[in-house]
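Q: next comes the sequence, and after it the predicted model I'd like to discuss.
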Amino acid sequence: MRKAWSILPEEWKPILAERGLRPFRADQILHSLYRDWIDDWDMATTLPRDFRETLKTEFPITKTETLDVSQSSDGTRKLLLGYEDGEAVETVLIPATGRFTQCISTQVGCAMGCAFCASGARGVVRSLTADEIVAEYMAGRRLGEITNIVVMGMGEPFMNYDETLRALRLVNAGKGPNLGARHITISTCGVVPGFARLADEGIQFELSVSLHAPNDALRSELMPVNRRWPIDELLDACADYTRRTKRIITFEYTVIRGVNDSRRCAEELASQVRRVPMAKVNLIPLSPVSHRPDFRTPDEATLMMFLDVLMKAHVQTMLRRSRGKDANAACGQLRLRRVEADGRGRQ
Ligand code: SAH
């Protein structure tokens, strides 16, 4: 049994043939799934009834339940999606002029344990399967046409590489939802083996790397992943990636007051990212998280100083503001509030 939303468009024909089903049905199936956007085979009324029954047992469509919707005053909406086994993830919809961006999760919880991030505060429960990730997209697109996806929700995509890539390939597929690869951004905390694998894929997904500190001492303190793959190894992998793919890498740098916001840090950061061709930096002021009240948002003057140092060093830098704060939908805030609130099995 394979889930319908995990099958790539080109796989349908051989899979149907293997099961003694008629391959010409593939196009009808794709039409139902990705033009009529059905989420139940009973809705595929162009298909004969007995075939619909076969599809239900052989290729079920993943069921999710929207357990909660929170709306932020800036228009950002956060959905809590429950899967059949009772686990749940969050996905965030972010409207902007000419854009409707969806932030998706790849795991329930996260194993990486970054100090400032709520998603990892209780470890990882399990990884999502490709169809479960596609189900997030399907739930999002019911609220509007998604123009961009950022894989910046709960979980570390490179720790769930195969299922994440399968889901993104599916969303990107011409005979599927057909969302352009350049509109899909994968964000990693620096799981080094993922870089060469992604370069091998030959698809033009965008890549972001969460750096957050310019030296090993500080980075290892904030991000345990750095003990396994320190900055030199990480930046080498980034440089290889940009050389091979000719694609830009964006470094994310969450600015935390008194922790990584000094002039010295900015200078060190500039010299580190300049080792990577075609690198950009996104500065994101920390979103406060309840489990680390000692981590605070930097003040405006410090942010401006930090930005100025990078610009003067000719590093292409953007200052980003988190969206969805009042719905606990901002960067790093996903999941924990809810676990704290109900404290039960469903995380
Ligand atoms: N695991 C992936 C993707 C999920 S996190 C990664 O680490 O890149 C998406 C981004 O939000 C990362 O850059 C992460 O470091 C950042 N982030 C996490 N907690 C945050 C917080 N409290 N404030 C601001 N950004 C945060």
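A: Cool, the structure landed. Owing to the predicted nature of the structure, the values given are computational and were not obtained by experimental measurement. Numbering: from 1, shown residues only.
Q: give me every residue in the protein lying close to the ligand.
A: Within reach of the ligand by CB under 6 Å from any ligand atom, the chain has these residues: 114, 116-117, 152, 156, 187-189, 210, 252, 254, 284, 286-287, 289, 322, 331-332. C-betas here are computed from N, CA, C, even on glycine.
Q: and with 8 Å instead?
A: If contacts are counted using CB under 8 Å from any ligand atom, the residues of the chain sitting beside the ligand are 106, 110, 112, 114, 116-119, 150-157, 187-190, 208-210, 212, 223, 252, 254, 284-289, 295, 322, 330-333.
Q: the helices in the stretch 1-150 of the chain, which residues?
A: For the stretch 1-150 of the chain, the helices identified by DSSP state H, counting those that start in this stretch occupy 12-18, 25-34, 49-58, 130-141, in order along the chain.
Q: so which elements touch the second one?
A: Read it as helix 25-34. Of the remaining helices and strands, those touching helix 25-34 by 3 or more CB pairs under 8 Å, 6 or more residues apart in numbering; DSSP states H and E are helix 12-18.
Q: show me the contact partners of the helix it packs on.
A: If you take CB atoms under 8 Å, 6 or more residues apart in numbering as the criterion, helix 12-18 is touched by 2, 7, 22-23, 25-26, 29-30.
Q: recalculate using a threshold of 10 Å.
A: Applying CB atoms under 10 Å, 6 or more residues apart in numbering, the external contacts of helix 12-18 come out as 2, 4, 7-8, 21-30, 33, 54-55, 58-59, 175.
Q: run a quick neighbour tally on the closest residue to C331 other than its chain neighbours.
A: With sequence-adjacent residues excluded and distances taken as CB to CB, 6 or more residues apart in numbering, C331 is closest to S322, at 4.8 Å. Burial measure for S322: 18 neighbouring residues, criterion other CB atoms under 10 Å.
Q: just the pLDDT for S322.
A: Among the per-residue scores, S322 holds a pLDDT of 74.
Q: could you pull out the strands for the stretch 1-150 of the chain?
A: Assigned by DSSP state E, counting those that start in this stretch, the stretch 1-150 of the chain shows strands spanning 65-71, 77-82, 88-96, 99-103, 107-109, 124-127, 148-151.
Q: just the CA atoms of the last one, as CSV, please.
A: Read that as strand 148-151. Included here for strand 148-151 are C-alpha records, laid out as CSV according to Å, rounded to 0.1, in the frame of the first residue of the first chain:
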residue,chain,number,x,y,z
ASN,A,148,6.3,30.0,-2.0
ILE,A,149,7.2,27.2,0.4
VAL,A,150,9.8,27.6,3.1
VAL,A,151,10.9,24.4,4.9
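Q: which strands or helices does it pack on?
A: For strand 148-151, the helices and strands in contact under the criterion 3 or more CB pairs under 10 Å, 6 or more residues apart in numbering; DSSP states H and E are strand 88-96, strand 99-103, helix 130-141, helix 161-172, strand 184-188, strand 206-210.
Q: how about these in TSV, adding mean neighbour count, distance to T45 and mean pLDDT?
A: Formatted as TSV, those follow (neighbours: other CB atoms under 10 Å; distance: least, CB to CB, whole Å; pLDDT from 0 to 100):
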stretch	mean neighbour count	distance to T45	mean pLDDT
strand 88-96	23	29	95
strand 99-103	20	29	96
helix 130-141	24	19	98
helix 161-172	22	24	98
strand 184-188	21	32	98
strand 206-210	22	38	98
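Q: dump those to a markdown table, plus distance to G75.
A: Supplementary listing: the helices and strands packed on strand 148-151 in a markdown table, determined by distance: least, CB to CB, whole Å:
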| stretch | distance to G75 |
| --- | --- |
| strand 88-96 | 5 |
| strand 99-103 | 10 |
| helix 130-141 | 14 |
| helix 161-172 | 23 |
| strand 184-188 | 20 |
| strand 206-210 | 23 |
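Q: so which of these comes closest to D216?
A: Across those, the minimum distance to D216, taken as CB to CB, is reached by strand 206-210, at 15.2 Å.
Q: can you list the strands that the closest one pairs with?
A: Each strand that pairs with strand 206-210, with its direction, by DSSP bridges: strand 184-188 (parallel), strand 249-255 (parallel).
Q: could those strands go into JSON lines alongside distance to R141?
A: Compiled in JSON lines, the strands paired with strand 206-210 are given as follows (distance: least, CB to CB, whole Å):
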{"stretch": "strand 184-188", "distance to R141": "14"}
{"stretch": "strand 249-255", "distance to R141": "25"}
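Q: ok, what's across the strand from the spatially closest residue to Q71 that is not a sequence neighbour?
A: Among residues not flanking Q71 along the chain, R77 sits closest, at 5.2 Å (CB to CB, 6+ apart). Beta bridges link R77 to Q71, L93, judged by DSSP bridges.
Q: can you tell me the element the closest residue to F116 other than its chain neighbours falls in?
A: The shortest distance from F116 to any residue that is not its chain neighbour, by CB to CB, 6+ apart, is 5.2 Å, and that residue is F295. Take DSSP states H and E as the rule and F295 turns out to sit in neither a helix nor a strand.
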